[in-house]
Structure formats: structure tokens, C-alpha cells
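> Quick one: sequence plus predicted model below, questions after.
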Amino acid sequence: MNAMIQRRLASSLLLLAALAAAACGGAREDPILQLSAAESLAQGKVLLDRKEYAEARKYLNHAFEAEPNSAAGREGLLLAADSLFLQGGNQNLIQAEAKYRDFQNRFPTSDRAAYVQFQIAKTLARRMEKPDRDQKVAAQAQEAFEALLRLYPTSEFAAQAEQEIRQVKDNLAEHEFLVGNFYLRFGLPVAAAQRFENLLGTYPDYSHRDKVLYHLGLAYRKQEKPTESQAAFERLRSEFPQSPYVAELPPPPAVEG
């Protein structure tokens, strides 16, 4: 019986050794690892064109890891970031931003520097929350787009960055309006007026300034400040005569006399 157990044990050990050897052999035979950076980059590009983003990344990452300082390696890192951005989804966008920043830190003088800064800003803009949520990422996106305009004012991405900034600022301004409107609804007209005034000063191009002026007038009206209230309402009539809020304006206070 002992001899049989010993034989079985020996067989089991031989099987485990064979499996381990096969596993090691499989790792060495990974076809991607046999490719040069240039070959891996070329295959990654083919898969990227097919929108097979996850599969493409295996080749693009290998191109960078094989020769990180070569032209093929640099392009592999950048395209790997692009693949994450194109695939989309919050987690992929976070990873894309990290790869773009890695490229930026490694190759600060690259001729793709403006593009990389633009993509960093876009990964942030695509992740910004709705106006009723926290706006930390939106503020970071604005900062990143403004950095592009400051560092690369003549780049081909400058005009697009300006458009993106307007959208981001509109999101930030709408957040400010919602906070002010919350204060107004819950009986804090002083805080509401301060918020609305700050919004008008900080975001002069906000696409819904008419509703801000209307609610600013209401906030001053609740404070029993008729002069400030009427000034806000008159601005609404003058600057936005076609606004639906004009029809909702309360009548001016009666003149004593």
C-alpha cells in the first residue's frame, strides 16, 4: 500500500511539474512578446482602426514597453491612451488621463504636446458631473483647457478648446444657479442674491442669464429691496426682451402718493 501511495504521489508531482513547465512555456511563446516595437505598433494600429480597443492596447502597450524611448514606443503609449479615450466609460477615461499625463511627463518637448494637453482636458470634460452634483472635475477640465490656450495659443486645438470651455463654464454656472435657487426656495434670499450676483460676474457668457436676472429680482424682492429688485427686472427686460421670464415679471410696486 505504501508503495502504491508513493507511486501516486510521484505521478502527481510529475503532473504538477509538467503543468508548471507548460505554463512557463506558454508565457515565453506569447506571440506579442516576440514582436519588435515597430511590428507591435503596426498590429495595434490595425486593431485600433477596427475599433477593437482592448485588443489593440495589448500591442500598443507592448510597443511602448519594448522600446519606451523609440519613436514606435512613444507612439504606442499615445495610441494606448487614445484607445482608452475612444472606448469611453468613466474608468477608461481615468486611465486615459493617466497615460496622457505619463506621456506628457516623459516627453514634454514632443511635437504632440498640444494634442496631449487637449486630450487631458477632454478626458476631464467627459467625466464632469451634471450641474446638480459636485463640480470638482468640471473645474479641473476648465483649468486644463485654459492651460492649453495659455501654452499653445496658436495650436490647431485652440478653437475647439474655446468651445469646450464654454460648455464646461455653462455646467459650472448652472450649478451656481441651482445652489442660489435652493437658497431662495428655502427662505435664504440674502445668500441667494449673493450667489446670483457672483454667477453673473463670474460667468458673463452663461447661456441662461435671463433666468438668473429673474431670480435675482425675486431674491431682492423677498428682502424688501425694491430698488435692487426692479434694477434686476429692468435688466431682464432690456437684455432679453424675448425671454419667457419677461412675461412672469411681477408688477412694479405701487408708488405712494
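Alright, I've got the coordinates.
> C-alpha from now on. contacts and neighbour counts both.
Fine.
> didn't residue 68 look like it was pressed against residue 74?
Yes - if you go by CA atoms under 8 Å, residue 68 and residue 74 touch, sitting 6.2 Å apart.
> what about those two, which has more around it?
residue 74 (24 against 18; other CA atoms under 10 Å).
> can you give me phi and psi for that one?
phi -60, psi -40 (degrees, to the nearest 10).
> Residue 224 is in contact with residue 190, correct?
No - using CA under 8 Å, residue 190 is not in contact with residue 224; the gap is 10.7 Å.
> Tell me which of the two has more neighbours.
Taking neighbours as other CA under 10 Å, residue 190 and residue 224 compare with residue 190 leading, 16 against 11.
> Next up, the contacts around that one.
Counting by CA atoms under 8 Å, 6 or more residues apart in numbering, residue 190 touches 219, 220, 223.
> Please apply the same query to residue 169.
Listed by CA under 8 Å, 6+ apart, the contact set of residue 169 reads 142, 203, 206.
> Now do the last one, the pLDDT please.
Residue 206 is assigned 97 on the pLDDT scale.
> For it, give its distance to residue 165.
According to CA to CA, to the nearest Å, residue 206 and residue 165 sit 11 Å apart.
> In the stretch 151-257 of the chain, where is pLDDT below threshold?
Flagging of the stretch 151-257 of the chain using pLDDT under 70 yields the residue ranges 253-257.
> Let me see the ranges of the helices in it.
With DSSP state H, counting those that start in this stretch as the criterion, the stretch 151-257 of the chain has helices at 158-185, 189-202, 209-222, 226-239.
> Mean neighbour count, those: which tops it?
helix 209-222 (a mean of 24; mean count of other CA atoms under 10 Å).
> Quick one: distance of it to the chain centre.
With CA atoms, centre = their mean, to the nearest Å as the basis, helix 209-222 stands 32 Å off its chain's centre.
> Ok, stretch 34-42 next?
31 Å.
> CA-only coordinates of it in PDB, if you can.
C-alpha atoms of stretch 34-42 as PDB (Å, rounded to 0.1, in the frame of the first residue of the first chain):
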ATOM      1  CA  GLN A  34       8.000  38.000 -29.900                       C
ATOM      2  CA  LEU A  35       7.300  41.200 -31.900                       C
ATOM      3  CA  SER A  36       9.500  44.300 -32.100                       C
ATOM      4  CA  ALA A  37       8.100  47.600 -31.100                       C
ATOM      5  CA  ALA A  38       7.500  48.600 -34.700                       C
ATOM      6  CA  GLU A  39       5.700  45.300 -35.500                       C
ATOM      7  CA  SER A  40       3.600  45.500 -32.400                       C
ATOM      8  CA  LEU A  41       2.700  49.200 -33.100                       C
ATOM      9  CA  ALA A  42       1.600  48.300 -36.700                       C
END
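> which parts of that stretch are buried?
Of all the residues in stretch 34-42, those buried under the rule 16 or more other CA atoms under 10 Å are 35, 36, 37, 38, 39, 40, 41, 42.
> Kindly report the same for stretch 117-133.
Buried-residue list, stretch 117-133, by 16+ other CA under 10 Å: 117-128, 131.
> how close does the residue nearest to the spatial centre of the chain get to residue 104?
Centroid-nearest residue in the chain: residue 124, 1.8 Å away (criterion: CA atoms, centre = their mean). Using CA to CA, one obtains 16 Å as the distance from residue 124 to residue 104.
> same deal with residue 231?
50 Å.
> likewise residue 228?
On the measure of CA to CA, residue 228 and residue 104 end up 50 Å apart.
> same thing with residue 90?
21 Å.
> got it, and residue 220?
49 Å.
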